[in-house]
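A.B. asks: Fold the following.
(2 chains, ligands or ions: 2)
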Amino acid sequence: MEPVPYDKAFAIRLLTDMLRIRRMEEKCAELYGAGKIRGFLHLYIGEEACAVGALHALTAEDNIVATYREHGHALVRGVSMNAIMAEMFGKAAGCSRGRGGSMHLFDSATRFYGGNAIVGGGLPLAVGLALADKMQGIPMVTACFFGDGAVAEGAFHEAMNLAALWKLPVLFCCENNLYGMGTALERAEAQVDLSVKAAGYRMAAAKVDGMDVVAVLEATRLAAGQVRAGAGPFFLEYQTYRFRAHSMFDPELYRDKAEVEKWKERGPLHTFSARLKAEGKLSEKEFLKLDAQAEKEVAAAVDFAERAELESVNDLLTDVYTPAVAP
Amino acid sequence: MKISYREAMRQAMHEALAGDPRVFLMGEDVGKYGGTYAVSKGFIEEFGPERIRDTPLSELGFVGAGIGAALGGMRPIVEVMTVNFSLLALDQIVNTAAVLRHMSGGQFSVPLVVRMATGAGRQLAAQHSHSLENWYAHIPGIRVLAPATIGDARGMLAPALADPDPVIIFEHAQLYNLEGELADDWQCDIARAAVRREGSQVSVFAYGGCLPKAMQAAAELADAGIDAEVIDLRLLRPLDTETIAASVRKTHRAVVVDEGWKSGSLAAEVVARIVEDCFYDLDAPPVRVCSAEVPIPYARHMEEAALPQPAKIVAAVKELLNA
Ligand SMILES: Cc1ncc(C[n+]2csc(CCOP(=O)(O)OP(=O)(O)O)c2C)c(N)n1
Ligand SMILES: [Mg+2]
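C.D. replies: Ligands and ions are numbered 1, 2, ... in the order given. Next comes the predicted model:
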């Protein structure tokens, strides 16, 4: 394997972000069992390399559109773990004031446009954000994350066509974890090589090992560079796998334990840390320290969320419409 | 000055495009074709294909793109050819545009205007004749407008574009050829219904394509010695309950005209509000004149029979007054 092409500090940053997502979500699962977090909860465990690699390849001015499986994206983007946890607790200090929950994390400060829980729903939005940027001469990329399941939706095809037709700066980031809920890709798609679909729109495309944070980062950097340079949209497929159930309600009848175990061997955290250790960029002691730091951040976030206030019911009807600004 | 509803709408859009570089028009055949209803004829030559943007047949895609562009700092006017095809974009309107502000805890408003033609009356049969304004009026988070006069066709767009939240404008296809005087005071308060004719004996409520029918009915009723007030609802969400109630308190009788089907109609909502707010002011139960509960048929006589007509409104009023 190629050596990790980053200095120690940046490599550790990537590892740290993956760890933060992992530890945060493990805690979420626990809190779900305890009844602290309710509604739908979709864990990203196993897929961390995608969000971490991709978002570290983008700039703070780029726009991000994500799905309901977006805790990791929000966190890496810079939304505080406190605000994410408080959101899942339904508290006013949450990043969507408790109006959204796990599936609808939003943050205008980091250009994080959510948290869309309609499969494929974020894609047309991303096209529009990119259209606005193009019309205003703003040289930013809009990165839109979605799953393999979304590829079957009309919204995917309409968005791909519009983005290609109008040469818009959209980076389509398909996180192919091989399942849409319980439906395996080959039971949903006549063409399972998803990158081939881009050809129908004369769009540049690539696929990359989504379990390898370096591969994800490099591929995304390359693709985003092209998009930013005005070459039009790009379709990037991250080949990944979720280790946990689709949501907390999923009994996982549709896949073998053996399949899951096989993928876990390629887990993005331990493979990357092993690599760094082999290269002398990480010691076991350092790893344990990073892990302890992540655990500490999680504990603090839970504490924050626990103690945060609920929004007053008197505010139920606010923000359905934008309040008129005083003249 | 006498102009058509189409021309009034065209002037409003022209003014918006000329006055604000963030405004652009996007939809099927808005450019080279000149607009399905010729509202944007000549625009592409004047403003260019970037701002008069022809789209593929992708209602979901380009309405969603309009939402994204609005978030990104533009002021898009998205034209959906007709309400019938807007069903393909319903997801983006209902699940994204309407909820985004609330779901994001107040972080993201969507200053989007969606225009669409609506309604029956041109023998276009069941798939091209829907009047589904009430579906949209059901949804919190959007504002729904129905310009029914030359003045409102001219005056509603500017405040709609100034609104920080999504606004849907329904233009009844039968109205485009309507001709009339454009009064000097065409500026429009999109927060209020409008009294189109003052009267004392009965309030007739209507909107969109049914307003001219209600006005015609009121004229016929006047000939028969019945003094009807006509209220143009024009703001379908949020309904201007105050204006509605004030009229009923004056006349004590209400007839609601609606091209939608009676079951679950906007007329039902108006009647419910009248009953809730003015029950003891009523001299008789409110009455609705709606479309027959049938897909709109092609044959002319059948279509006419299915829709509210002036004669039906006249008959309903007379029955209400035992006249
Ligand atoms: C339009 C729509 N249809 C169905 C659902 C229910 N649903 C939620 S997630 C999901 C699977 C989506 O799979 P994929 O796009 O691969 O994303 P993943 O969950 O694997 O990350 C389904 C069917 C939905 N939310 N939206
Ligand atoms: Mg999937």
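A.B. asks: what's the spacing between the one helix or strand residue B:159 maps to and its chain's center?
C.D. replies: Assigned by DSSP states H and E, residue B:159 falls within helix B:157-162. Taking CA atoms, centre = their mean, to the nearest Å, one finds helix B:157-162 lying 15 Å from the centre of the chain it belongs to.
A.B. asks: Over to stretch A:243-250?
C.D. replies: On CA atoms, centre = their mean, the centre of stretch A:243-250 falls 16 Å from that of its chain.
A.B. asks: For the residue in the stretch 151-300 of chain A that ligand 2 sits nearest to, report the pLDDT, please.
C.D. replies: Distances between the stretch 151-300 of chain A and ligand 2 by CB to the ion are smallest at residue A:177, namely 4.2 Å. In this view, the C-beta of every residue, glycine as well, is placed from N, C-alpha and C. If you check residue A:177, the pLDDT there is 98.
A.B. asks: Hmm, it is touching residue A:146, no?
C.D. replies: No. Contact criterion CB atoms under 8 Å: residue A:177 and residue A:146 do not qualify, at 11.3 Å.
A.B. asks: Compare neighbour counts for the two and give me the winner.
C.D. replies: Each of residue A:177 and residue A:146 has its neighbours counted (other CB atoms under 10 Å in any protein chain shown); residue A:146 has more, 27 against 24.
A.B. asks: Just say helix, strand or coil for that one.
C.D. replies: What DSSP: H, G, I helix; E, B strand; the rest coil gives for residue A:146 is strand.
A.B. asks: and if you look at residue A:65?
C.D. replies: Classification of residue A:65 using three-state DSSP returns strand.
A.B. asks: Chain A: helices as residue ranges?
C.D. replies: With DSSP state H as the criterion, chain A has helices at A:8-33, A:48-55, A:71-77, A:81-88, A:122-135, A:154-165, A:195-199, A:213-228, A:257-264, A:268-278, A:284-307.
A.B. asks: Ok, which of those comes nearest residue B:100?
C.D. replies: helix A:122-135 (8.8 Å; CB to CB).
A.B. asks: residues touching residue A:161, list them.
C.D. replies: Contact analysis of residue A:161 by CB atoms under 8 Å, 6 or more residues apart in numbering or on different chains lists A:201, B:56, B:58, B:61.
A.B. asks: Dump those to TSV, plus pLDDT, distance to residue A:13 and neighbour count.
C.D. replies: As requested, those are exported to TSV (pLDDT from 0 to 100; distance: CB to CB, whole Å; neighbours: other CB atoms under 10 Å in any protein chain shown):
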residue	pLDDT	distance to residue A:13	neighbour count
A:201	98	35	20
B:56	98	42	12
B:58	98	40	23
B:61	98	37	28
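A.B. asks: among the residues you listed, which are in strands?
C.D. replies: The subset of these located in strands under the criterion DSSP state E is empty.
A.B. asks: now, among those, which is nearest to residue B:296?
C.D. replies: Of all the contacts of residue A:161, residue B:296 sits closest to residue B:58, with 26.0 Å by CB to CB.
A.B. asks: ok, that closest one touching residue A:163?
C.D. replies: No. Using CB under 8 Å, residue B:58 makes no contact with residue A:163, being 11.1 Å away.
A.B. asks: which SSE is residue B:243 in?
C.D. replies: Using DSSP H and E, residue B:243 sits in helix B:241-251.
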